[in-house]
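K.L.:
structure for the following, please:
(3 chains)
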Amino acid sequence: MSDQKRLFLVDAYALIFRGYYAFIKNPRINSKGLDTSAIMGFMNSLLDVIKRERPDHLAVCFDKGGSVDRVEMFEAYKANRDATPEAIKLAVPYIYEILKAMHIPIMVKEGFEADDVIGTLSKQAEKEGYKVYMVTPDKDFAQLVSENIFMYKPRFGGGYDIWGVPEVLEKFEITDPLQVIDFLGMMGDSADNIPGLPGVGEKTAKKFLATYGSMENLLANTHELKGKMKEKVEAAKELGILSKQLATIMLDVPVTFDADDFTLDQPDIEKVTELFNELEFRNLLTNFSKTFADENAEKVNSIEDSSDDEPKKSTKKAPPSTEGQFDLFAAPGTGSITDEAIASGFKNIENTNHFYQHINSPLSRKILLQKLLQQKSVCFDTETTGLKALEVELIGISFSFEIGKGFYVSFPEDQDETKTILEEFRPFFEASEIEKIGHNLKYDLKVLSNYNMPVKGNLFDTMIAHYLINPDMRHNMDILAETYLNYQPVSITELIGKKGKNQLSMRVVPINDQTEYAVEDADITLQLKEHFTSELESGNVTKLFNEVELPLVSVLTAMEIEGININTSYLNELSVVLTDDINRLEKNIYEHAGEEFNIASPKQLGIVLFENMKLVDKPKKTKTGQYATGEDILSYLAKDHEIIRNIQEYRQYKKLQSTYVDALPNEVNPKTGRIHTEYMQAVAATGRLSSNNPNLQNIPIRTERGKGVRKAFIPRDENYVLLAADYSQIELRIIAALSEEETMMNAFKNGEDIHASTAAKVFNIPLDEVTREQRSNAKTVNFGIIYGVSAFGLSNQTDLSRSEAKELIDTYYETYPKLKAYMAAQVDFARDHGYVETVLNRRRYLKDINSRNAVVRGAAERNAVNAPIQGSAADIIKLAMINIYKRFEKENFKSKMLLQVHDELVFDAHKDELEIIKPIIKFEMENAFKMSVPLDVEIGIGDNWLEAH
DNA sequence: GACCCCACGTA
DNA sequence: GTACGTGGGGTCA
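P.N.:
Here you go, the predicted structure:
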């Protein structure tokens, strides 16, 4: 029996960074807008260690002020690391607080890195007879490993790997752990900016070590090397020695290991609870409480266990580790982690009681239906053959109305039989008194519509609920389940594989797995609903949810099902013309350049223009170091160089052809002959819709050639025309009304040309003397205001110099003082509350509004101004859509609403109904929301979308 | 094939 | 300066 004392030394920043990047795609933001990913990631790892190992001695080590010695050696040391993310800077003080409350010793030494502190302490403690575990994912520590010193590498998804001497020797293919230093020195480390030997990577470093054993010995024998490698290494001898020094962890930091100081005491549970509550760490708090509540019980048990020399091996089934051979040598913290289950202890289908039943007989279906009809509220979810709702077939429907229980009705491949079975459930779907719960219900409604099965009754969509609770997050059900229910659902990829060639159809998944997967989804969604009902309430968005977003689901469903007709043959002809133009331009460009290259490659184009042709003395570079060749750059050069004008034209035509002219015909649904875009209701952070598959919200209109594409959008047949209804200047009207800036309000009330009116006031001249240029500049400022202007941005957009732009903005604010006050008030509100809101109380949280980084804060401030404007406009058109849809339904019009483009609605208008629907549309849009400024809607009609404008 | 970057279409 | 989605090139596995 070994009673050797154990010391755990935790490398804080390594775990903090790792935690932060693990959540990078779905940062954990609490209701105050604080990004808690780093704190959560770190605490999960720390609690995991404590829970598993019950260490009696433990300390957490931080860097402070970087390594003075290493920077002296090599100025660039760690210089090319990105600045520490804001969220991490904010996280560290919290982590200190929590550690203090947990009574965990913190080790920092100004001017030294945590590596060095841990190294020094490890060696000291080893001498005093301790077994030392360095808790870190960083491979650099392998050099410290000895008989009594181990690396304790936390795994994603819980569990850990222990690296002792044998593991290190095997991983690095060396004979002594100290050779890790030579290894790192040879291959370098881009994250730490250790240069390494040029041309030497992992493979070569291992080979060198096998042959020469050390950096010094390699450098003494470079004559044995061959070719390019010989030249490179010989030229870099000094660099090699320096790299090795940089990679060496120091063992003489002025710190002293004192067993008493490092003893792990009982935490101040009250204080920790308070901190966790403040951070809104519900699951972590549970985890923490369990860890320390079990403390005494565990200690008794551990008498038997203490015969283990090594920490207990994990028995929990952890998800497949991402740390394979390759990952071992990846830069720390940069790996994008797909498995976010850092917190061990998610519930899942295996450890949670549930009763999910497959329903596959007439009798059982009948019983289920009767049950369903007795409910006030039922959650359902469809399983289908694919993702395109209007083209897929139904495979099954899951239902749940009681937590942990649910049913899965499966359907055969035969579509007639499927129809018959589905018909049995018509009483349920048409029952208007039963609430239907789902996650992304629009999809399910569309699938059911394929079988002519409309759904009635109130809806509750958990995806949209969460979109209102926090629009900046993503709303996948899996993530929501993990965040709010501490539950990790069966992953779809586990069932049918990764998307792409080898993906299976749900049809071939064994029926038991189908049932478990499908009912789990309905079960989880049901549970999320309970959760979100109160969260909507506390976010003050219940009304917005019930009266705008949920009714809109049905409206969008109808619009998507409707689709729009396009003139395919016209587009095909257009493509031929474009191809001719493109070929002609291509020839000209090659002639000017004196060489042939891929004009569509910005990389190649940049080299031709700026290296070979040297069109500019100091070409601008993009952030990745390539030459910038964007439209803004080219337009400066256009007047002097024909090749530039040709390139601009080439780009324009290529874009039109690839994105629209050639792509749109492929999007025509073979069954309906129409294009059915998909509106995303839970994507845009401001509350706007977005459109994809295909995106019909960015169809060209500005250029002559672009307008050609619009002509392809046509009415359904000769009895119809397209009707387009546009809000005129809705965002400016909103900002005028919200700021109560009377000058601007009056201009709108009097029906003035707002940009000319602005120009007259700003330049202090009569309205009829405003020049085109003045109006244009005023227009740019008007728009700039909405986006949060800067003099820099304005001067970029106009011919004005920076100082002229600044002067214009200043006069603008003098002309409209209340507007400026309103903008400042929005920013203040955001600082105080952490969010801003629209006229319908739609919120956007701005976590960076108090950031100490001026650039980051500036962006948040512009959002504080823009989000309420853009979002209120979105609110208003959504209201109008709902009201118009209701009227159209009620009147049973043949005319249909087809598209929404942020401030415009497009209709297939039956010629006989034109005069009836025109005033309805105009009225409903202009009166959707009452403000102190009138809304104005312009209606156009035509045989295609261009003419309708 | 998956992913990022660049460029560019709209409001 | 705000908000999106798509297509092609380039790179890596």
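K.L.:
enumerate the residues of chain A near DNA strand B.
P.N.:
When proximity is defined by CB under 7 Å from any atom of the strand, chain A lies next to DNA strand B at A:336, A:498-501, A:602, A:606, A:622-624, A:626, A:628-631, A:634, A:648, A:651-652, A:655-656, A:659, A:695, A:697-703, A:706, A:901-904. The C-beta positions use only the backbone N, C-alpha and C, and glycine is treated the same way.
K.L.:
now, which of the residues you listed lie within helices?
P.N.:
A:602, A:606, A:631, A:634, A:648, A:651-652, A:655, A:706 (DSSP state H).
K.L.:
which pair in these spans the largest distance?
P.N.:
Using CB to CB, the two most remote members of these are A:606 and A:706, lying 25.4 Å apart.
K.L.:
sorry, back to before: report the buried members of the residues of chain A next to DNA strand B.
P.N.:
A:602, A:606, A:629, A:634, A:648, A:651-652, A:656, A:659, A:697, A:699-700, A:706, A:901-904 (16 or more other CB atoms under 10 Å).
K.L.:
which members of those residues additionally contact DNA strand C?
P.N.:
A:659, A:697.
K.L.:
got the ones in helices among the residues of chain A next to DNA strand B as TSV, with distance to residue A:805 columns?
P.N.:
Below are those laid out as TSV (distance: CB to CB, whole Å):
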residue	distance to residue A:805
A:602	29
A:606	29
A:631	20
A:634	22
A:648	25
A:651	28
A:652	28
A:655	29
A:706	29
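K.L.:
please parse chain A into its domains.
P.N.:
A:6-169+A:251-301, A:350-539, A:565-673 (automatic domain parsing).
K.L.:
mean pLDDT lowest for which of those?
P.N.:
Lowest mean pLDDT within the domains of chain A: domain A:6-169+A:251-301, a mean of 84.
K.L.:
for the residue lying farthest from the centre of chain A, give me the pLDDT.
P.N.:
For chain A, the residue at maximal distance from the C-alpha centroid (CA atoms, centre = their mean) is residue A:223, at 52.4 Å. pLDDT, residue A:223: 81.
K.L.:
regarding it, what is its secondary structure?
P.N.:
With DSSP: H, G, I helix; E, B strand; the rest coil as the basis, residue A:223 sits in helix.
K.L.:
could you find the closest non-adjacent residue to it?
P.N.:
Spatial nearest neighbour of residue A:223, excluding adjacent residues (CB to CB, 6 or more residues apart in numbering): residue A:230 at 7.8 Å.
K.L.:
pLDDT score assigned to the one you found?
P.N.:
pLDDT, residue A:230: 78.
K.L.:
also residue A:909?
P.N.:
For residue A:909, the predicted pLDDT is 98.
K.L.:
pretty sure it contacts residue A:920?
P.N.:
No - counting by CB atoms under 8 Å, residue A:909 sits too far from residue A:920 to count as a contact (11.0 Å).
K.L.:
list the buried residues for the longest helix seen in chain A?
P.N.:
Identified as the longest helix of chain A according to DSSP H is helix A:854-891. For helix A:854-891, burial by neighbour count (16+ other CB under 10 Å) applies to A:857, A:859-885, A:888.
K.L.:
those helices in the stretch 451-600 of chain A, which residues are they?
P.N.:
A:462-469, A:477-485, A:492-496, A:511-538, A:542-544, A:550-562, A:568-593 (DSSP state H, counting those that start in this stretch).
K.L.:
packing partners for the last one?
P.N.:
Right, the one you point to is helix A:568-593. Applying 3 or more CB pairs under 8 Å, 6 or more residues apart in numbering; DSSP states H and E, we find helix A:568-593 packed against helix A:642-655, helix A:704-710.
K.L.:
could those go into JSON lines alongside distance to residue A:437?
P.N.:
Putting those into JSON lines (distance: least, CB to CB, whole Å) gives the following:
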{"stretch": "helix A:642-655", "distance to residue A:437": "43"}
{"stretch": "helix A:704-710", "distance to residue A:437": "40"}
